[in-house]
Each structure stands twice: as C-alpha cells, then as structure tokens.
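Novice: What follows is a predicted protein model with its sequence.
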Amino acid sequence: MEVQFVLNKKQVKVDVGPDAVLLNVLRELGCKSVKCGCETTNCGLCTVWIDGKSRLSCSVLAVSVGGHEITTLEGVEEEAAEFGRFLAEEGAEQCGFCSPGFIMNVLAMVRELEDPGIEEIKEYLAGNLCRCTGYMGQMRAIEKYLAYRKEARG
Amino acid sequence: MSMERTEKLRVVNHPAAKVDAEALVTGRAVYTNDLAPADCLIVKIVRSPHAHALIKEIDTSRAEAVPGIECVLTYKDCPQKRFTLAGQTYPEPSPYDRLILDQRVRFVGDAAAIVAGTSEEAVKKAMKLVKIKYEVLEPVLDFRKAKDNPILVHPEDNWRSLCSVGADNNRNLCAHDVCGAGDVDAVLKSCDYVVDRVYHTKANQQTMMETFRTYTYLDAYGRLNVVSSTQVPFHVRRILGHALDIPKHKIRVIKPRIGGGFGAKQTSVSEVYPAFVTWKTGKPAKIIYTREEAMTASSPRHEMEMHVRVGADKEGKIRAIDLHTLSNTGAYGEHGPTTVGLSGHKSIPLYGSPEAFRFEYDVVYTNVMSAGAYRGYGATQGIFAVESAVNELAQTLGMDPTVLREKNMVREGMVMPAYYGETTKSCALDRCMARAKEMIGWDEKYPCRDMGNGKVRGVGVAMAMQGSGISHVDTGTAAIKVNDDGYYSLMIGATDMGTGCDTILTQMAAECLDCDMSDILVHGVDTDVSPYDCGSYASSTTYVTGMAVVKTCETLRKKICERGAEYLGCSAEDVEFDGQKVTNLKTGESITRKELGNKVMSFNNEPLSASEAFSSPTSPPPFMVGMAEVEIDKETGVPELIDYVAVVDCGTVVNPSLARVQVEGGIAQGIGMALYEDIVYNKKGKTYSNSFMQYKIPSRLDVGTIRVEFESSYEPTGPFGAKSIGEIVINTPSPAISNAIQNAVGVIIRELPMTAEKIYRGMQEER
C-alpha cells in the first residue's frame, strides 16, 4: 500500500504492507535514531512526533499516518544537540540508547508545558524508561535546560 | 591525605562530557542494528516449549520451502564439541556444557532450530513450519531439590569442567566449595547472641535498553567478521572458535556503541547463531533479540538462597559469621562457579576479622533459564543476606544498626581473612557511614516516624563492597601512538558499554601526557587491531585498564624525550617534555610535539608508540554505605521509597559526573530488585515475566530521590588512587530498604522483592 506523509519536513512516499509498523518504516527511511526497546509500549524509546505530539511509533501502523507530519530526532537535530549538551554535562546520556525517545519527549514537553514543576516533569516523562541513569541526572539536565531557556527568552 | 595527592590533577578528578556524547544525543547510527548491512539474512530461533525434552524428530522440509528461506539448521548440523558462552579468561571456570543446538533442550526457550531468510516475514512463517517431535521429560524446577536429584540436567558424556570448581554433572552440581578460618561452630556456641536466618534472592533481568544483537559477514580474506553488542570481544572470538570448531584466527570481533550491558553481555548470548549461519552460507546475517527473547532466553542474575548465622557478644562485637549459599545456575553453567564466590567473599569481609568464619556453597543445575553475570555478580545477593542478618542482630541486641556497624566494620589497614587474606590499603567506610547518617538525618529519623496519616516512615542502612578486577587473572592492555601533527591515538580493548570508559581512559592519558583530551583519539574495540583486554566486567576497567593506560603513557613519555633529544642532538637526560614540546634544558632549544609527529613519518626506523599491559595481584575493594527512607501505608502495606542516600569510597573519583550517574543508576537498579522485579515461573517451568508489562523495572516515579556523595580514600595501587565504581552501587538497596521496612513496621522480609503483599501479610502476623 502506498502511503504519503511528511517526514522531517520532507514529503515521502513509501510502499508498505498493511501490517507495517511506523517504527520499522522510519528506520528503513534512514531515521536510525528511532529505537525499539520493548515491543509492548512500555519503554518510550520509539517516541516520535505525529503532528507535533509524542507517539510511540512501535504501536502505530504506517498506513495510518498518510497525510500526517512525522518528526524524528533527525528532524530536530539542532535542538536535540542543545538539550543534549545539558544531558552530556551531567553524564546522563550514558549508553545513549534511550536518549532519542527521551529527548523527543523532553522537547515535546517544553512545547506543551509552561514552567513545569518537578512532579509535572516526572509525570510527563514517566513513560520514558532508562536503565542506566536512575533518572536523577536526566532531571538535573532538564532543570538546567529549562533555566537556560527561560534566561534566553528573557 | 587523598586531597593532597589529587588536588594537582588537571583532567582526572574533574567532570568531562563523554567523548561520544554528541553522536548519542543526536541519535546517530552508531549501534549494531544501525550499522548492519541491509542485505543481512534475518536469523531467528525456534525455541523449546518444554522445560526438559529430547528432540525425537525434526522436519525442516516445509520450512525450507518457504520462499526467501536460506537455511534451517538443527542439532544435526552443529559441531559436537561442548563449550561455554561465559565471557571469562581461558580456561574458564564455567563448565563446557553447551552446543550451538542440542538434541536435549533444557528450559522453556532453549534453542531448538535456527531459521535464516531474506525477510522477517519469511522467517516467521518458516518458524511455524519447523516440525519438532519432543519426548517430554520431567524437569528439575526446584533448586532446593536439584543436587543429587535422579533427573540430570546434563547427563551427557562430553560435559567438561576445565577448572577444579567442585562441579559434577552426575549430581547436577555446577560448583561446590567450602572455606573458612577458625572453628565457626565453637565460636558461635560461645556467643551471647546468634542470629540464624535464611534469605532468598530471585533471578533478575539486567534489561539493558538495547537487547542482545549481532551481525556477521565474511570479509575479503574469507574470515568471519562479527559485529556485536558485547562486553567481551576477545572472549567472543575464542567462544566462537570453540562453538564453530574453527581456528580463532578466522574470526574478527568488532564492538560498536553498546546500549547497555550490566553484565548481560558478558555472556555470548546472541553471537553464535548468525555466526553459524554466515559460516554455513557465506552470507551476511543478523539476529536482533526481541524483548521477549531477552526476558526468557538470556543471562539473568543467579537466584540464591543463603543461610546465615552471625554471632556476637553482649556489647555487639561480631565474633563469627557462617554463610551457606545455594545458587541456581539454571540450564547451563555460565558464571555459575564464580558468581557464588562473591556472595561470601564480598559480604563477610565488611566485618573485618571476626574470630571465625565459614563460607560454603553449592551451585546447581535446574531446568530454568540459564543465569549469567549481572552487576554485583553474587555480591549483591550475599550482601542482602549478611547485611539483613546484621540488621536482625541489631534488633536482637536492641542496638542502633549504624552503631553496631561502627563497632565492627572493616577499616583501613585491616586484614580481611574472608577476602583472600588481603589487607585494605584504602578504606573510608567509616567516613561513608558518618556522612550518610548526616545526609539522611539518621539520628532524628531512626527508627521511624508516624506521619499521622496512616503512614509510617522508617530508615534503614546497609554497607557494601566489591572488587576492582579479578586479581591474578584480568589483563588490560593499552597502546598509544603519535600521529602526524602530534595527535595521539589511544587504543584500548576495554569495552565502553555506555559507562564512559573511552572517556575516563582518555582523561587518564591526557593527565599523563600533559595535553588536552581533544589531542587524543580513542578507538573502540576491534580484535584485529586493539590490544588485548579481557573486557569490561568484574569492575576492572578503571582500575586494571586504567593502570595499563598510565603505564603506557609513562613509556611513551620516555620515548618522546629520547626522540626529541635525538632530533635536538643532545642527551635524553638533558630534555624535558611538557606535553607540547621537548626542550633541551641546557640550551633552551625545543621541538614541538607537532614537529616530532611529522618528523617520525619520514626516514624513521622506529615507531613512536608504546604499549603496556597491567594485571594486578590484588583487587582493592571500593566501599559504600546506603541509607533508605521508606514510607509504608499501614492499611495496605504499600512501600514508597522517599529518599535514598549513598556515600561511596571508590578511591579517587576519575570523572565525578560519570561516577555519580553510575551510583544513581546502580541504586535505581537495586531499588528495582528490592521492590519490584521478579522472574516468575509456572509449574511447568515457563516464565510469566516475559515483557516489560509483567517484569516492571522502575520508572522515574518509582525511585524517590537518590542523593550521592563521595568520601574518597586513596588506593596506592590504582591509577591516580582510583578503585572501581560500576558494580558496588547495586548492592545496598535491598538490605537498606528491608531494614527501613523493619524499622517502620517491624516486618522483616527475607525473600525479594519486598512487595506490598508480603509487607501486609507480615503486618497481619505481627498483630
């Protein structure tokens, strides 16, 4: 089946089976940042944006995204690198395998929430599992990034 | 004292971002599956539905007829020499009890056939068409009844144990030993108080986010190239040589970036399958474990049951410790004989030199998933048992458990009879305890506070230790060469699995060579070009490979001086190298590193490079104290972790930000073990815990606040005074949280995980 959608601001057209999962289609299109960690929608590694909202690409059929706008980490590379520097300062990217999905959700969060508190941040990101860091370093990075953004905006 | 020795450090002991950070945070294609060629055959495993069975008939014809199927391999196709998948130095203590595929299957999930084809769909279809007739046998599922059971897990004649670890396949024994000092029974008899208890820790999954995965291909020389997410590339080379029964020089192993390991990838879980397919077909092949496979056919922590007796006098002086450990290695013996040793050798020495100790163990085969290496490697289990027993002893004595420990803990300069008689040359455990008490407010909070809303908060404590590499065994090698423009290449065989060893070893080299980290390129592992390293496990990299880097840099500095002197036309005694240039101290004349690097590329007969190895006769332990504050709902028993403080002595902290994250991450994993994680089997030996739906690892809502500080000693045998950090950090949560529950509601949980149900039942019994 032919599906057309916008991937990282570029129009793409792919021929996929009716059971093709978006995660695999995106990887085949070269978006290797999109990772699979669990297959059961528990880990958040495969997080991408569909029309600007975080979604788990492992549980989205590729045929269902026709006409929609998909964004992966490759599409927000500069912003990812900017937040990534805060993450790396804390050593909180560690193995890095969960970083793309986590960063996508962090960047979605800063678009959606105004001045979130710690509990709000934890709730928002609860679906992004990480086995390396124990989450504390990620939180330090987020707090510093939010402070930096606030200052940058004046 | 350690301050003076470390305050002049310029790069080491300072935070630095990981050298691969940018690639990781921007999602570059750097992991195994990102790099695999698109034309790889897809490899999948048909797995046994039975815990114990013999394959009577196996018909692959219909599966092979599926379009796109390249091959279906069965036990009939496999070499018949047994080997182990354990990534250990040869000769491995783990028994040679594996074949790539065996006629006998030994757990639900054991490999029965390999299917390879051009697409996932074809392979999945073919897997259903492999017809296997099993003769179903009775399994051994209770590890307490495994030893000398008439049902044998490994009755085969060609089972072999290469080391004298007390293994006997005719008794379902993977290992047995007993050691001690003094007459433990007599001393216990004369003690005023003896605590006599049994503790049970379950198998746990490492659940690194990147599951097991490997791809393989033949190169221009007809050699088998293996790109794999592994902690032990050099061991994998040997293991594949054994498994495929081909010469080791035919194999090259490359380690790209790894999405976490935690010990899981110290076992060669996935490599043999695509390697076998590529060797048979000549075509590239890859296997990507699903999460379900990684939960059901992998290398989890050894389940252990530990019988502890601790005796003390009225004043609380601990006089004797007796520990018997029963360890369940499952269907195969990977890491079975070695993990169990740590359950005693890294728990009893926390109490220095008691009058007597005894440590005895049995490791048994059963028909459940084979166990392996998991961060802590047996120490985690043993420390839960011994630390819990000490907490029970404190209750018996009516004594604050921190005070009991202050009376008995190991201190710097003490001999540890249960730690191979080694003396602690560096130990700040006393300072760790004092600081942890301050941080959590122990004296105000102990034992508990009723919050007035049906909830009560208790605090709990535990100590821990680990080693730094395996003494007399682990070997690390580093090599550094000077390139044009004078930049350095640092070659290591240690495997960065996200932990940051590429970074901290670069820091050490930059410190030694008086240069910036950016002057040094670090190269990941390729067994064809990297210097030998046993790999990253046993908390060895910082200490063992770190010392190899320091030694290599010392040698290189000497060579740079000699070469500089030669070019300057003076004696090597008259020059000094400041990292940027070699200067003739008599004339002031100098040659820069850049000039030197370029000059050795012309009319040169001697490479400007150095390589040194390091292996240690000792394994200096890091120490730590963990304290937990846990809130219990008195109505439901639900525990909530409020606060966790950890104070760690890992010697000099090489990179404070990376070390901190190691501690926080290890504690979170330990919290998972303590409160949530359990591999549950049904009566037929099938595990229910086959996904993240059933096997819950902590999310960021489940770990409370984790606060970490360091109290550094200075290890004289380590690089810049450093010891290990990676494993010790998982050891305190289970006993500390248990103690907090004990202090909050008086319930003592002796079997992990400590669920609300167990706490609730305990509270009901109390009433």
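Specialist: Cool, got the structure.

Novice: Check what pLDDT the single nearest residue of the stretch 151-300 of chain B relative to chain A gets.
Specialist: Here the stretch 151-300 of chain B gets closest to chain A at one residue, B:Gly259, 3.0 Å apart by Cβ to the nearest Cβ. C-beta coordinates here come from the backbone N, C-alpha and C atoms, glycine included. B:Gly259 carries a pLDDT value of 98.

Novice: and what of B:Asp97?
Specialist: On the pLDDT scale, B:Asp97 gets 98.

Novice: residues touching B:Met763, list them.
Specialist: B:634, B:637, B:745-747 (Cβ atoms under 8 Å, 6 or more residues apart in numbering or on different chains).

Novice: In helices, which of these appear?
Specialist: Using DSSP state H to define helices, the subset of the contacts of B:Met763 located there is B:Val745.

Novice: Can you flag the buried ones in the contacts of B:Met763?
Specialist: B:634, B:637, B:745, B:747 (16 or more other Cβ atoms under 10 Å in any protein chain shown).

Novice: Now do the strands in the stretch 601-750 of chain B.
Specialist: Using DSSP state E, counting those that start in this stretch, the strands of the stretch 601-750 of chain B run over B:609-614, B:623-633, B:639-649, B:705-710.

Novice: my bad, should have said chain A
Specialist: Ranges of strands in chain A, per DSSP state E, are A:2-7, A:10-15, A:47-50, A:53-56, A:69-71.

Novice: Equivalent analysis for the stretch 51-200 of chain B, please.
Specialist: Applying DSSP E, counting those that start in this stretch to the stretch 51-200 of chain B gives strands spanning B:53-59, B:69-73, B:104-105, B:111-117, B:131-136, B:173-181, B:193-201.

Novice: Buried residues in the first one, which are they?
Specialist: Put plainly, it is strand B:53-59. B:53, B:55, B:58.

Novice: For those, give me a markdown table that also has distance to chain A and pLDDT.
Specialist: Output for these, formatted as a markdown table (distance: Cβ to the nearest Cβ, whole Å; pLDDT from 0 to 100):
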| residue | distance to chain A | pLDDT |
| --- | --- | --- |
| B:Ala53 | 27 | 98 |
| B:Ile55 | 28 | 98 |
| B:Ile58 | 28 | 98 |
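
Novice: May I have the residues that are in contact with the most centrally placed residue in chain A?
Specialist: Nearest residue to the geometric centre of chain A (Cα atoms, centre = their mean): A:Met104, 2.4 Å. By Cβ under 8 Å, 6+ apart, the contact list for A:Met104 reads A:47-49, A:54, A:71-73, A:76.

Novice: what's the answer for B:Tyr681, then?
Specialist: Shown in contact with B:Tyr681 (Cβ under 8 Å, 6+ apart): B:141, B:368, B:687-688.

Novice: what's the closest of the strands of the stretch 51-200 of chain B to A:Ala108?
Specialist: Nearest to A:Ala108, of all these, is strand B:111-117, at 38.1 Å by Cβ to Cβ.

Novice: Extract the CA atoms of that closest one and return them as PDB.
Specialist: Output in PDB follows, covering the C-alpha atoms of strand B:111-117 (Å, rounded to 0.1, in the frame of the first residue of the first chain):
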ATOM      1  CA  ALA B 111      17.200 -23.100  21.200                       C
ATOM      2  CA  ALA B 112      15.800 -26.000  19.100                       C
ATOM      3  CA  ALA B 113      16.400 -24.700  15.500                       C
ATOM      4  CA  ILE B 114      17.900 -21.700  13.600                       C
ATOM      5  CA  VAL B 115      16.000 -20.200  10.700                       C
ATOM      6  CA  ALA B 116      17.600 -17.700   8.300                       C
ATOM      7  CA  GLY B 117      16.000 -16.000   5.400                       C
END
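
Novice: and the top strand by length along chain B, what other elements does it pack with?
Specialist: Using DSSP E, we find that the single longest strand of chain B is strand B:318-330. In terms of contacts (3 or more Cβ pairs under 8 Å, 6 or more residues apart in numbering or on different chains; DSSP states H and E), strand B:318-330 is packed against helix B:184-189, strand B:303-312, helix B:336-345, strand B:356-365, helix B:379-397, helix B:401-408.

Novice: Take the ones you listed and lay them out in JSON lines including mean pLDDT and mean neighbour count.
Specialist: Below are the helices and strands packed on strand B:318-330 laid out as JSON lines (pLDDT from 0 to 100; neighbours: other Cβ atoms under 10 Å in any protein chain shown):
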{"stretch": "helix B:184-189", "mean pLDDT": "98", "mean neighbour count": "16"}
{"stretch": "strand B:303-312", "mean pLDDT": "98", "mean neighbour count": "24"}
{"stretch": "helix B:336-345", "mean pLDDT": "98", "mean neighbour count": "27"}
{"stretch": "strand B:356-365", "mean pLDDT": "98", "mean neighbour count": "24"}
{"stretch": "helix B:379-397", "mean pLDDT": "98", "mean neighbour count": "26"}
{"stretch": "helix B:401-408", "mean pLDDT": "98", "mean neighbour count": "20"}
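
Novice: So for chain A, which of these sits nearest?
Specialist: Per Cβ to the nearest Cβ, nearest to chain A of the helices and strands packed on strand B:318-330: helix B:379-397, 15.6 Å.

Novice: Could you tell me the model confidence score at residue 12?
Specialist: As the question left the chain open, I've gone with chain A. Per-residue pLDDT puts A:Val12 at 98.

Novice: switch to chain B, that's the one I care about
Specialist: Looking at B:Val12, its pLDDT is 98.

Novice: With the one 4 residues further on instead?
Specialist: What the model reports for B:Ala16 is a pLDDT of 97.

Novice: re earlier: who are the contact partners of the residue of the stretch 151-300 of chain B closest to chain A?
Specialist: A:35, A:95-98, B:31, B:208-210, B:229, B:498.

Novice: that older thread, pick out the most distant pair among the contacts of B:Met763.
Specialist: Spanning the widest gap among the contacts of B:Met763 are B:Gly637 and B:Gly746, at 12.3 Å by Cβ to Cβ.

Novice: What residue spans form the domains of chain A?
Specialist: A:2-74, A:76-153 (automatic domain parsing).

Novice: Please identify the most buried of those domains.
Specialist: domain A:76-153 (a mean of 20; mean count of other Cβ atoms under 10 Å in any protein chain shown).

Novice: Which strand residues bridge the nearest residue to B:Met439 once chain neighbours are set aside?
Specialist: Among residues not flanking B:Met439 along the chain, B:Val645 sits closest, at 4.4 Å (Cβ to Cβ, 6 or more residues apart in numbering or on different chains). Beta-bridge partners recorded for B:Val645 (DSSP bridges): B:Met627, B:Arg707.

Novice: Mind checking the pLDDT average for the longest helix anywhere in chain B?
Specialist: Secondary structure of chain B per DSSP H: the longest helix is helix B:546-568. On average, the pLDDT along helix B:546-568 is 98.

Novice: Pull out the buried residues from that helix.
Specialist: Buried residues in helix B:546-568 (16+ other Cβ under 10 Å): B:546-553, B:556-557, B:559-566, B:568.

Novice: Closest residue of the stretch 51-200 of chain B to chain A?
Specialist: For the stretch 51-200 of chain B, Cβ to the nearest Cβ, closest residue to chain A: B:Glu121, 8.0 Å.

Novice: Contacts only, for that residue.
Specialist: B:Glu121 touches B:Gly68, counting by Cβ under 8 Å, 6+ apart.

Novice: Same check on B:Thr717?
Specialist: Taking Cβ under 8 Å, 6+ apart as the test, what B:Thr717 contacts is B:425, B:547, B:616, B:618, B:620.

Novice: which two in these are spaced the farthest apart?
Specialist: B:Lys425 and B:Met547, at 14.4 Å, using Cβ to Cβ across those.

Novice: burial measure for the residue lying closest to B:Asn682 once chain neighbours are set aside, as a count.
Specialist: Using Cβ to Cβ, 6+ apart and skipping the chain neighbours, the partner closest in space to B:Asn682 is B:Tyr688 (6.5 Å). B:Tyr688 is flanked by 12 other residues according to other Cβ atoms under 10 Å in any protein chain shown.
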